[in-house]
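Chemist: heads up, no residue letters with this:
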């Protein structure tokens, strides 16, 4: 029976050497532009295509500088991943050590923050740059069990020569993303890696299950913290008239009075006490509360004036939208997907339908459910400044887009057809 990509994966459990040879033939043919004896698995083929477009050298083991120890510690202390380390250790380490694996936990930037497991395998990992503070983004070190899940946002197993860079082809790596259960934001990746003979197809489901347990733990912690804040908020709100609410430090609502219950309020990036303009409420008074903020809506009407919206895409990895008007100025840091969507709306001031945005983003006008879900999240902080049917910036607003000097730095993560086209056009102008 002819081998298929699935058969090769299962072959690895009984004949690792033969499976590795088959995958090496596939990789060699694909990278030299020849027809492959067997098509790579789709997730691997798509990753290789990204590497070839991005100019990653498959024969050059490029390693960026390690983060200083102080920066690794700072990231450990600030990431939500620190709360789920016990879950990851309990679910993975006992098996990983016996099976000659290591567990690696990286943040959303692909930086290795924790490594634990088999001591001999840890020493081997040092030789491939799999060290604390190392940068394992896909566009830096090629197809791998940390960087590729960051890009595709789903679990990925990378076996032998499915790795794009030759120096990694003696490894098997299985990584699963860990997302913030409150909003789906990626917060990191957990990976189990080891030598070729440790490969097993069931590892993918195992690692993914433990990652989902970690997300469940984060959900429990969030609900518990809101319950604690609600107990603090109850006597405070009972004494107030008018519209008011208590939110945690990230804007998630614990309790309200005199108004409908919103799930979340968009806070300034660095909130401070005093009068502030919030998209959902207008002028408000913010007061610190244990574990969060008391927000009281102002009684006076909002000031009127020309609204100016600045979409800042000038920096390769940090994008913001800033709104300025009669009521003041506020900024919001954008996720990669939201930066793409707002850029496309800035290009099409007359508006885009959900199908049009799906075509722009994915080359598939049928993916309207994804677009509508993301636009709903965008409207949570842009509020009335973003209209729909079609989606567009409000007509009264002046919209300015700040672009990078190098067209190649325009949303460099993006594979959206419309963004790729805009980059190409900018290069020829």
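Modeler: Arrived safely. This one's a predicted model, so the numbers in the text were calculated from it and none came from an experiment.
Chemist: what's the helix or strand for the closest residue to residue 262 other than its chain neighbours?
Modeler: Leaving aside its sequence neighbours, residue 262 sits nearest to residue 253 (CB to CB, 6 or more residues apart in numbering; 5.7 Å). From N, CA and C alone the C-beta is placed, and that goes for glycine too. Per DSSP states H and E, residue 253 falls inside strand 253-257.
Chemist: neighbouring strands - and their directions - for that strand?
Modeler: Here strand 253-257 has these sheet partners by DSSP bridges: strand 244-248 (antiparallel).
Chemist: mind listing residues that contact the partner strand?
Modeler: Contacts of strand 244-248 from elsewhere in the structure, counted by CB atoms under 8 Å, 6 or more residues apart in numbering, are 225-226, 229-230, 232-233, 236-237, 253-259, 262, 264-265, 267, 289, 291-297.
Chemist: which among those residues end up buried?
Modeler: Of the members of those, the ones counted as buried by neighbours, 16 or more other CB atoms under 10 Å, are 225-226, 229-230, 232-233, 237, 253-257, 262, 264-265, 267, 289, 291-297.
Chemist: so where's this protein shaky on pLDDT?
Modeler: Scanning the chain for pLDDT under 70 picks out the ranges 1-16, 96-99, 299-306, 325-330, 383-384, 429.
Chemist: which stretches of it form helices?
Modeler: 5-11, 16-31, 42-54, 69-78, 85-88, 94-98, 119-127, 138-141, 147-152, 202-238, 336-347, 354-362, 368-382, 417-428 (DSSP state H).
Chemist: so which of the ones you listed comes closest to residue 105?
Modeler: Closest of the helices of the chain to residue 105 is helix 85-88, at 6.4 Å (criterion: CB to CB).
Chemist: that closest one - contacts with which helices or strands?
Modeler: Helix 85-88 makes packing contacts with strand 102-107, helix 202-238 when contacts are defined by 3 or more CB pairs under 8 Å, 6 or more residues apart in numbering; DSSP states H and E.
Chemist: winner for burial among the ones you listed?
Modeler: strand 102-107 (a mean of 26; mean count of other CB atoms under 10 Å).
Chemist: OK, contacts around residue 420?
Modeler: Neighbouring residues of residue 420 by CB under 8 Å, 6+ apart: residue 414.
Chemist: try 7 Å
Modeler: When the contact criterion is CB atoms under 7 Å, 6 or more residues apart in numbering, residue 420 has no partners at all.
Chemist: heads up, I number from 24, so please use that
Modeler: From this message on, residue numbering opens at 24, which makes the last subject residue 443.
Chemist: now the angle between helix 225-261 and the strand holding residue 276, please.
Modeler: If you take axes from the mean of the first three to the mean of the last three CA atoms, to 10 degrees, strand 276-280 sits at 30 degrees to helix 225-261.
Chemist: touching strand 276-280 from outside, list them.
Modeler: Under CB under 7 Å, 6+ apart, the answer for strand 276-280 is 249, 252-253, 256-257, 260, 263, 267-271, 284-288, 315.
Chemist: do that again at 10 Å, thanks
Modeler: Around strand 276-280, the neighbours that count as contacts under CB atoms under 10 Å, 6 or more residues apart in numbering are 248-257, 259-271, 284-288, 312, 314-319.
Chemist: quick one on the thing from earlier: redo the helices of the chain as a markdown table? Include distance to residue 340.
Modeler: Formatted as a markdown table, these follow (distance: least, CB to CB, whole Å):
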| stretch | distance to residue 340 |
| --- | --- |
| helix 28-34 | 33 |
| helix 39-54 | 28 |
| helix 65-77 | 15 |
| helix 92-101 | 15 |
| helix 108-111 | 26 |
| helix 117-121 | 32 |
| helix 142-150 | 26 |
| helix 161-164 | 12 |
| helix 170-175 | 13 |
| helix 225-261 | 24 |
| helix 359-370 | 9 |
| helix 377-385 | 20 |
| helix 391-405 | 19 |
| helix 440-451 | 15 |
